[in-house]
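*Asks:* sequence first, predicted model second:
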Amino acid sequence: MSFQAYLDAVETKTGLTPRQLVDLAREKGFDETTKATPILEWLKTDYDLGRGHGMALVHVITKGPQISTKHVSTDGTHADAVDTLWLDGKDSNPSL
């Protein structure tokens with residue numbers, strides 16, 4: 001599953017875009033200095049998200065939408081088309 005696919009699945013499960021979840025995380029005081037555990041606990045408690053999907057959001061909350069180019073344009077199962085994640089809703093993603 002690609003990084004973007006994780007975020008799209010989170011949107012399907014929660015009904016919230018990744019950007020909306022980042023905004024809610026900021027309201028809770030989570031930022032680039034926050035460790036993963038409190039964010040994962042919040043996502044599990046409020047949205048019943050598991051670790052894999054939660055870690056995708058932890059990355060976006062703490063590091064932003066830019067990802068490593070390691071899997072960009074590769075043939076692997078974790079391949080992403082671009083190195084910047086789309087946070088504004090899967091249905092409006094211009095690269096799909």
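*Replies:* Looks like it came in fine. Residues are numbered from 1 along each chain as shown.
*Asks:* so the residue of the chain most remote from its centre versus Ser2, what's the distance?
*Replies:* For the chain, the residue at maximal distance from the C-alpha centroid (CA atoms, centre = their mean) is Asp75, at 21.2 Å. Distance, Asp75 to Ser2, by CB to CB, to the nearest Å: 12 Å. Just so you know, the C-beta spots here come from the backbone N, C-alpha and C atoms, and that holds for glycine as well.
*Asks:* and Asp91, by the same measure?
*Replies:* In terms of CB to CB, Asp91 sits 17 Å off from Ser2.
*Asks:* of those two, which one has the most company?
*Replies:* With neighbours defined as other CB atoms under 10 Å, Asp91 and Ser2 compare such that Ser2 has more, 19 against 9.
*Asks:* next, name the residue at the spatial heart of the chain.
*Replies:* Most central in the chain (CA atoms, centre = their mean) works out to Leu57, at 3.3 Å.
*Asks:* which residues sit in contact with it?
*Replies:* Residues in contact with Leu57 (CB atoms under 8 Å, 6 or more residues apart in numbering) are 7, 10, 18, 21-22, 25, 39, 43, 49.
*Asks:* equivalent analysis for Gln4, please.
*Replies:* Gln4 neighbours (CB under 8 Å, 6+ apart): 80-81, 85-86, 93.
*Asks:* in which helix or strand does the residue nearest to the centre of the chain reside?
*Replies:* If you go by DSSP states H and E, Leu57 is part of helix 51-63.
*Asks:* next one: that helix to chain centre, how far?
*Replies:* 5 Å (CA atoms, centre = their mean, to the nearest Å).
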